[in-house]
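J.: Have a look; sequence and predicted model below, questions after that.
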Amino acid sequence: MGSRKSSKTYLSKNHHGYCFRIKIPEDLQSYIGKKELRYSLKTQFFLEAQEMAEKLADNVKEIFATIRHGRIIQNLSDNELLPIVNEWWQAFSTLLEGLRIKCWNVPHFKKASVDHTDTSPPSKTALISPTLSEVARDFMNWGVTVEKWKPRSQTGFQQCLDDMLDFLGHDRMIHTITDRDIVGYRDAIYKRKLSTQRNIFFMGRANMFFRFAIEEKRLLPRGHENPVTGLIPKAKKNGKAQCRKPFDADDLKKLFHSTEYLNGTHEKPYQFWLPVLALYTGARIEELCQLYVSDIKQLSGVWCLDINEDRPDKSVKNGEQRLVPLHPVITDELNFIGYVKGLKNQLGRVFPGLKRIGNKYGHYPSRWFASYKNKCGIDPAPNKKVFHSFRMTMISHLTAKGVPLYQIKQVVGHSDVSDVTMNHYSEPLKPNVLMNQVVMNLDYDFNFSLLASANVADDVFPT
């Protein structure tokens, strides 16, 4: 990588760190044998190097001015001038050695008395650092190329960066951001009355942004504290358990004995299939919405959902790729396989009408279900019983049946199921084993046969 030079900061950078550079006046070049001074500052921190370079530049220019004005160069012979230059060179070397220790203890730089006939750049006493927009661009590039963020993560980080920069100012230099600025941003987020998780979402990514600037890019000096430190709200203990509850038998009756289910009047296929699939597979809404026809497969006589990330538009939380056997209620009573085989595009998605919003196919289904469950009279209070409750309902049911947790984990994934012994089972069970030992225990006290009377073929749904 070639070196970069900034005329305003007297700095250039290579893979070792920053170097100080300044042009030697032409009337001294022949005695020093150089056209410029170049010296390693032995640091990779931009602001530290900048402050050192500015201090050096001011002192070096004072030396130039002293030589010129203290003794008239034109009236000196070479033999008289050489000792002066040597003395200056020694002073410069001493200054360099001491500066790395002392420069951070100097609160304000003294403006140098500079000969304005000097052709080197004018000294700048104010620190200069990249703008927040510039750092944000590098941060996103680092996340994609180094951290390998998935598209959904990229969208989330970009959303948070845009939000933070709108508040702090896109053109603010990063070293000017203070603790008070971040406190103001946090308070602005709190005023929106978001959930604790959303507050953590925004502040956590702000924390990563400044940590990147300090630790990865080294744009702030050593010892500079991350301004977000201590400002990230703490998640409530058992927060998810408190805000999300499983559905009970009465809830299931309200959901699946609705006019829409009994009369087959759903407007879209996903409105019929997503709730029943979630109840019998424990899959998350996005895992279901992103399914392709090729993900519905029969292995050793068992129909399964293959939850994977084999396409750019698919993402599985925590990498929990797995095979999930389909209960006979899904395959036989409700004829899900018939629906899939009846789709016109056998190379496409199971729910082709869903649009991807913010890298998620589940955007509109989530909104639809929130409205639907409220219409059914289920827990109108927010964040109590949601689509994720199907997953919790299945886990609770299997746990009550005495199914080993490590087997439940292999069906629903790692999250929401915790047990130390699960880590000892590394070999996945075969689909037929999972079917017999896990899925067939899903005997909800509810009659799904009434739903089978509704024609759920693909051609009855509006496109």
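T.: Great, that's in hand. Numbers count the residues shown, from 1 in each chain.

J.: And the helix or strand containing residue 56, what does it pack against?
T.: Here residue 56, judged by DSSP states H and E, is contained in helix 46-70. Applying 3 or more CB pairs under 8 Å, 6 or more residues apart in numbering; DSSP states H and E, one finds that helix 46-70 makes contact with strand 11-14, strand 17-23, helix 26-32, helix 78-102. Bear in mind the C-beta positions are built from the backbone N, C-alpha and C, glycine included.

J.: Quick check: next helix or strand after the third one?
T.: Taking DSSP H and E as the definition, the helix or strand that follows helix 26-32 towards the C-terminus is strand 36-40.

J.: List the buried residues for that next one?
T.: Neighbour-count burial for strand 36-40 flags 37, 39 (criterion: 16 or more other CB atoms under 10 Å).

J.: report the angle between the axes of it and helix 46-70?
T.: Strand 36-40 runs at 140 degrees relative to helix 46-70, counting by axes from the mean of the first three to the mean of the last three CA atoms, to 10 degrees.

J.: Which strands and helices lie in contact with strand 36-40?
T.: Looks like strand 36-40 contacts strand 17-23 (3+ CB pairs under 8 Å, 6+ apart).

J.: so the spatially most central residue of the chain is in which element?
T.: Nearest to the mean C-alpha position of the chain, counting by CA atoms, centre = their mean, stands residue 157 at 4.4 Å. Assigned by DSSP H and E, residue 157 belongs to helix 151-168.

J.: what's the next helix or strand after that helix packed up against?
T.: Once helix 151-168 ends, the next helix or strand along the chain (criterion: DSSP H and E) is helix 179-190. Judged by 3+ CB pairs under 8 Å, 6+ apart, helix 179-190 is in contact with helix 151-168, helix 196-211.

J.: Deepest-packed of those, please.
T.: Most buried of the helices and strands packed on helix 179-190 by mean neighbour count (mean count of other CB atoms under 10 Å) is helix 196-211; its value is a mean of 18.

J.: Below-threshold pLDDT in the stretch 201-350 of the chain: ranges please.
T.: Along the stretch 201-350 of the chain, segments meeting pLDDT under 70 span 221-223, 236-243.

J.: would you list every one of the helices in it?
T.: For the stretch 201-350 of the chain, the helices defined by DSSP state H, counting those that start in this stretch occupy 239-243, 249-256, 259-263, 269-281, 285-289, 328, 336-341.

J.: CSV for those helices, including mean neighbour count and distance to residue 196?
T.: Below are the helices of the stretch 201-350 of the chain laid out as CSV (neighbours: other CB atoms under 10 Å; distance: least, CB to CB, whole Å):
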stretch, mean neighbour count, distance to residue 196
helix 239-243, 14, 6
helix 249-256, 16, 25
helix 259-263, 14, 34
helix 269-281, 23, 25
helix 285-289, 24, 21
helix 328, 15, 41
helix 336-341, 16, 37
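
J.: Now the helix holding residue 157 - C-alpha only, PDB.
T.: Output of helix 151-168 as PDB, limited to C-alpha atoms (Å, rounded to 0.1, in the frame of the first residue of the first chain):
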ATOM      1  CA  PRO A 151     -27.600  -8.300   4.300                       C
ATOM      2  CA  ARG A 152     -30.100  -8.100   7.200                       C
ATOM      3  CA  SER A 153     -27.300  -7.100   9.600                       C
ATOM      4  CA  GLN A 154     -26.100  -4.500   7.100                       C
ATOM      5  CA  THR A 155     -29.500  -3.000   6.900                       C
ATOM      6  CA  GLY A 156     -29.700  -2.800  10.700                       C
ATOM      7  CA  PHE A 157     -26.300  -1.200  11.100                       C
ATOM      8  CA  GLN A 158     -27.000   1.300   8.300                       C
ATOM      9  CA  GLN A 159     -30.400   2.200   9.900                       C
ATOM     10  CA  CYS A 160     -28.600   2.900  13.200                       C
ATOM     11  CA  LEU A 161     -25.800   4.900  11.700                       C
ATOM     12  CA  ASP A 162     -28.200   7.100   9.700                       C
ATOM     13  CA  ASP A 163     -30.200   7.700  12.800                       C
ATOM     14  CA  MET A 164     -27.100   8.600  14.900                       C
ATOM     15  CA  LEU A 165     -25.500  10.800  12.300                       C
ATOM     16  CA  ASP A 166     -28.800  12.700  11.700                       C
ATOM     17  CA  PHE A 167     -28.700  13.600  15.400                       C
ATOM     18  CA  LEU A 168     -24.900  14.300  15.800                       C
END
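
J.: Run through who's touching that helix.
T.: Applying CB atoms under 8 Å, 6 or more residues apart in numbering, the set of residues contacting helix 151-168 from outside is 132-133, 136, 139-140, 143-144, 149, 177, 181, 184-185, 188, 201-202, 205-206, 208-209, 312-313, 315, 358-360.

J.: circling back: could the helices and strands packed on helix 179-190 be laid out in TSV, adding distance to residue 261?
T.: Formatted as TSV, those follow (distance: least, CB to CB, whole Å):
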stretch	distance to residue 261
helix 151-168	31
helix 196-211	31
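
J.: Which of the ones you listed sits closest to residue 411?
T.: The closest of these to residue 411 is helix 151-168. By CB to CB, the value is 23.1 Å.

J.: Mean pLDDT lowest where, among the helices and strands packed on helix 46-70?
T.: Least confidently modelled of these is helix 78-102, at a mean of 58 by mean pLDDT.

J.: Once you drop chain neighbours, what's closest to residue 340?
T.: Distance criterion CB to CB, 6 or more residues apart in numbering; nearest residue to residue 340, sequence neighbours excluded, is residue 296 at 5.0 Å.

J.: Also residue 304?
T.: That would be residue 323: by CB to CB, 6+ apart, it lies 4.7 Å from residue 304.

J.: Next, count neighbours for the one you found.
T.: For residue 323, the count of nearby residues is 20 (other CB atoms under 10 Å).

J.: Checking the closest residue to residue 253 other than its chain neighbours next. Helix, strand or coil?
T.: Closest residue to residue 253 apart from its sequence neighbours, by CB to CB, 6+ apart: residue 446 at 6.5 Å. Residue 446 falls in the coil class when you classify it by DSSP: H, G, I helix; E, B strand; the rest coil.

J.: Could you pull up phi and psi at residue 446?
T.: phi -160, psi 140 (degrees, to the nearest 10).

J.: what's near enough to touch it?
T.: When contacts are taken as CB under 8 Å, 6+ apart, residue 446 is in contact with 249, 252, 253, 256.

J.: With residue 235 as the reference, measure out to the second one.
T.: Between residue 252 and residue 235 the computed distance is 30 Å (CB to CB, to the nearest Å).

J.: How about the contacts made by residue 391?
T.: Residue 391 neighbours (CB under 8 Å, 6+ apart): 278, 282, 283, 284, 412, 416.

J.: wait, isn't the fifth one in contact with residue 282?
T.: By that I understand residue 412. Yes. The criterion here is CB atoms under 8 Å, and residue 412 meets it with residue 282 at 3.6 Å.

J.: quick one: which of those two has more around it?
T.: Neighbour count, other CB under 10 Å: between residue 412 and residue 282, residue 282 has more, with 27 against 22.

J.: Identify the residues contacting that one.
T.: Contacts for residue 282 were tallied using CB under 8 Å, 6+ apart; they are 324, 390, 391, 394, 395, 411, 412, 413.

J.: how does it look with 7 Å?
T.: Shown in contact with residue 282 (CB atoms under 7 Å, 6 or more residues apart in numbering): 391, 394, 395, 411, 412.
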